[in-house]
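> task: produce atomic coordinates for the following.
(4 chains)
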Number of protein chains: 2
Amino acid sequence: MHDQNTDLQLRRALQSSGQRFTEQRAAVYRYLAGTDIHPTADEVFLAVRSDLHEISLATVYKSLETLVGCGLAVKLNYSGGSARYDGRMDPHYHARCLACGRVADIPGEVTDSEIHTLSGRAPDFQVIGYSLELTGYCTTCVPEGGLSPIRA
Amino acid sequence: MHDQNTDLQLRRALQSSGQRFTEQRAAVYRYLAGTDIHPTADEVFLAVRSDLHEISLATVYKSLETLVGCGLAVKLNYSGGSARYDGRMDPHYHARCLACGRVADIPGEVTDSEIHTLSGRAPDFQVIGYSLELTGYCTTCVPEGGLSPIRA
DNA sequence: ATCCTTGCAAAGCATTTGCAGTCAC
DNA sequence: GTGACTGCAAATGCTTTGCAAGGAT
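Next comes the predicted model:
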């Protein structure tokens, strides 16, 4: 299933940075834009391989970095091993379950005024972005002991 | 230079979780609690080795994880390779320079009401903490091109 | 005396890289 | 046709692990 809009968007983003449109990049982007599971590079590889049997893991890594470079995806770094990628570009932030590791999308965004308040405490620093993540437990992972205090 | 308070704090934290006080753990904690450079495991290793010549990198890794487990340190994960550790437990968040990779402390915290607002959008999720990081450029790393839009 | 911790070296993963062949433009 | 991209395999870098010797309680 080829998503015309998705492909076109990718083609434009690539062209404007002097890069080429390829089937591999298209397949990676199509998958990433259509899922909300925040897959790892390996998960993308496995998913995309059902369409493009010959694609290699190295190419998936390269494609993902290309997408990030074009602003079509965001890379999320977590403690538990591999990085995850997010191809949904609507404003939202993330909640990560400390038990199962899943990452859930939370719609909405931190308001600009909130960011300004936070940035104001950082003189000598030109803020261009932020990354906010809530941590806790999803309903399927009920903790037994008490809860730890909130800490960044 | 042995910080009595720091050592005592560590000894208590270790005892309450059934672990032992060792010179290696003490050296790692003393260094971590006394710096604000958010060192990598390797940087801790190099710094601590001037006191404890025989300490190994593996032990540093193990000690750091022990401290995190005791709640005496926080592990920060970034894209650029190695994890960094923060032994300052007063409320603050971080600003990371996209050019040089340095991590600066920003004093203060997101207010409880702000966190509640953010958490409220996440039903089915028991929030116990958050992680906020600003990204941008420190004064010594002035970017040449335009700035990217704010995005999590 | 017990059993946790250390140090060493080797193993384990995620990710990157070099390069020849291939493809988009 | 040219230069960018792919696929492969090897390399890299961070972190973890197994195990015998040593150390804290």
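> next, find the distance separating A:A33 from A:R25.
Between A:A33 and A:R25 the computed distance is 12 Å (Cβ to Cβ, to the nearest Å). Bear in mind the C-beta positions are built from the backbone N, C-alpha and C, glycine included.
> higher neighbour count, these two?
A:R25 (25 against 19; other Cβ atoms under 10 Å in any protein chain shown).
> chain A: helices as residue ranges?
Assigned by DSSP state H, the helices in chain A fall at A:4-15, A:23-33, A:41-49, A:57-70, A:112-120.
> now for chain A, the helix or strand with the poorest mean pLDDT.
helix A:112-120 (a mean of 73; mean pLDDT, DSSP states H and E).
> and the angle for that one with helix B:112-120?
Angle, helix A:112-120 to helix B:112-120, by axes from the mean of the first three to the mean of the last three Cα atoms, to 10 degrees: 130 degrees.
> about what we covered before: so which of the helices of chain A is the most surrounded?
Mean neighbour count (mean count of other Cβ atoms under 10 Å in any protein chain shown) peaks for helix A:23-33 among these, with a mean of 22.
> does chain B sit close to that one?
No. Judged by Cβ under 8 Å from any Cβ of the partner chain, helix A:23-33 and chain B are separated, with a smallest distance of 15.6 Å.
> in JSON lines: the helices of chain A, plus distance to B:G71.
Putting those into JSON lines (distance: least, Cβ to Cβ, whole Å) gives the following:
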{"stretch": "helix A:4-15", "distance to B:G71": "44"}
{"stretch": "helix A:23-33", "distance to B:G71": "36"}
{"stretch": "helix A:41-49", "distance to B:G71": "32"}
{"stretch": "helix A:57-70", "distance to B:G71": "33"}
{"stretch": "helix A:112-120", "distance to B:G71": "25"}
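> between the ones you listed, which gets nearest to DNA strand C?
helix A:57-70 (3.5 Å; Cβ to the nearest atom of the strand).
> ok, and does stretch A:41-49 reach over to DNA strand D?
No. On the criterion Cβ under 7 Å from any atom of the strand, stretch A:41-49 is out of touch with DNA strand D, staying 9.4 Å away.
> please save the CA atoms from that stretch in PDB.
Taking Å, rounded to 0.1, in the frame of the first residue of the first chain, the C-alpha atoms of stretch A:41-49 are listed here in PDB:
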ATOM      1  CA  ALA A  41      15.500   0.400  14.300                       C
ATOM      2  CA  ASP A  42      15.300  -3.400  14.400                       C
ATOM      3  CA  GLU A  43      11.500  -3.300  14.700                       C
ATOM      4  CA  VAL A  44      11.400  -1.000  11.700                       C
ATOM      5  CA  PHE A  45      13.700  -3.400   9.900                       C
ATOM      6  CA  LEU A  46      11.500  -6.400  10.600                       C
ATOM      7  CA  ALA A  47       8.300  -4.600   9.600                       C
ATOM      8  CA  VAL A  48       9.700  -3.100   6.400                       C
ATOM      9  CA  ARG A  49      11.200  -6.400   5.300                       C
END
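> ok, residues contacting that stretch?
With contact meaning Cβ atoms under 8 Å, 6 or more residues apart in numbering or on different chains, stretch A:41-49 is reached by A:24, A:27-28, A:31-32, A:35, A:37, A:39, A:55, A:57, A:60-61, A:64, A:82-83, A:85.
> please report how far A:R25 lies from A:Q9.
In terms of Cβ to Cβ, A:R25 sits 12 Å off from A:Q9.
> which other helices and strands contact the lengthiest strand in chain A?
Criterion DSSP state E: the longest strand present in chain A is strand A:125-138. The contact analysis (3 or more Cβ pairs under 8 Å, 6 or more residues apart in numbering or on different chains; DSSP states H and E) places strand A:125-138 against strand A:92-97, helix A:112-120, strand B:92-97, helix B:112-120, strand B:125-138.
> could you dump the ones you listed to TSV with distance to DNA strand C?
Compiled in TSV, the helices and strands packed on strand A:125-138 are given as follows (distance: least, Cβ to the nearest atom of the strand, whole Å):
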stretch	distance to DNA strand C
strand A:92-97	15
helix A:112-120	27
strand B:92-97	17
helix B:112-120	26
strand B:125-138	17
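> kindly report the residues of chain A close to DNA strand D.
A:14, A:18-20, A:22, A:24-25, A:52, A:54-56, A:58-59, A:62-63, A:66.
> that older thread, ok, the least confident helix or strand of chain A near chain B or not?
Yes. Counting by Cβ under 8 Å from any Cβ, chain B is contacted by helix A:112-120 at A:D112, A:E114, A:I115, A:L118, A:S119.
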